[in-house]
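J.: Turn this into a model:
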Amino acid sequence: MKKFAFTILLVFLFSIPTAFADSWDDFTNIDRAWDGQKTITNQEFEEVIDKLEENKEKKDDKKFNKLLKKISGGGNSLHPEMNVKNEIQELKLSESFDKEVLLNTPVDLYISGKILEKGFYKVLGEKNKDNKIEISFYQSQFLKGKIEATETSDDFGEQEINFAKIVEYNDSYVKIIYGSIDFNAFAFIPLVK
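T.: Modelled structure (predicted):
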């Protein structure tokens with residue numbers, strides 16, 4: 001029995017190389033494998049690449065339009081400047097916007113003979129035509145008061161360039177400090193008791 005199994009194993013081992021011999025004959029013509037290929041010029045290659053990129057752009061546009069449809073509902077806006085296909089324009093901020101600083105006044109103050117109630121104010125410091133510094137207090141677009149300030153080279157130890165703060169001075173006055181790129185200033189404002 002062992003002889004019979006050994007004989008079958010030997011026959012099997014010697015038959016394997018002969019079974020694959022036909023496939024080894026195919027490698028003799030490897031040198032001529034590229035003979036039937038067409039050569040492609042650089043211009044043809046570029047045209048194919050451009051066509052592929054054009055298809056990709058169409059696909060991206062389709063995806064973008066689908067996103068716009070989800071966001072805007074797919075219709076046109078009644079206002080042409082709000083059309084979803086318009087490019088978003090960069091907002092240009094006025095120079096005065098950079099100089100405006102938000103200030104919280106925790107107490108009522110006398111400014112220009114009027115009472116400036118405690119609250120939040122946009123503070124804007126400007127030099128007038130007489131080269132004097134005026135600090136204006138705004139709520140929304142309404143001017144609530146204006147004071148004259150004294151220019152100084154002191155930055156009051158502030159880390160920011162544009163700042164405005166109210167500092168306690170004594171029982172009757174507070175000191176407002178203001179800083180911008182153009183100048184630093186301070187003023188004393190009477191308190192309402």
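J.: so residue 45 sits in a helix?
T.: Yes - under DSSP: H, G, I helix; E, B strand; the rest coil, residue 45 sits within a helix.
J.: Sticking with residue 54, tell me its helix or strand.
T.: Residue 54 belongs to helix 42-72 when assigned by DSSP states H and E.
J.: For this protein, give me the ranges with low pLDDT.
T.: 15-29, 33, 72-99 (pLDDT under 70).
J.: Now do the helices in it.
T.: 2-19, 21-24, 42-72, 95-99 (DSSP state H).
J.: can you put the ones you listed in CSV and add distance to residue 161?
T.: Quick note: C-beta positions are derived from backbone N, CA and C, even for glycine. Formatted as CSV, the helices of the chain follow (distance: least, C-beta to C-beta, whole Å):
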stretch, distance to residue 161
helix 2-19, 86
helix 21-24, 80
helix 42-72, 38
helix 95-99, 9
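J.: Quick one: those as TSV, columns for distance to residue 134 and mean neighbour count too.
T.: Below are these laid out as TSV (distance: least, C-beta to C-beta, whole Å; neighbours: other C-beta atoms under 10 Å):
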stretch	distance to residue 134	mean neighbour count
helix 2-19	103	9
helix 21-24	97	8
helix 42-72	46	10
helix 95-99	12	11
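J.: so who does the closest residue in space to residue 126 that isn't next to it in sequence touch?
T.: Leaving aside its sequence neighbours, residue 126 sits nearest to residue 134 (C-beta to C-beta, 6 or more residues apart in numbering; 5.8 Å). By C-beta atoms under 8 Å, 6 or more residues apart in numbering, the residues touching residue 134 are 125-128, 146-149.
J.: If you rank those by neighbours, which is first?
T.: In terms of neighbours by other C-beta atoms under 10 Å, those top out with residue 125 at 25 neighbours.
J.: any idea how far residue 183 is from it?
T.: 7 Å (C-beta to C-beta, to the nearest Å).
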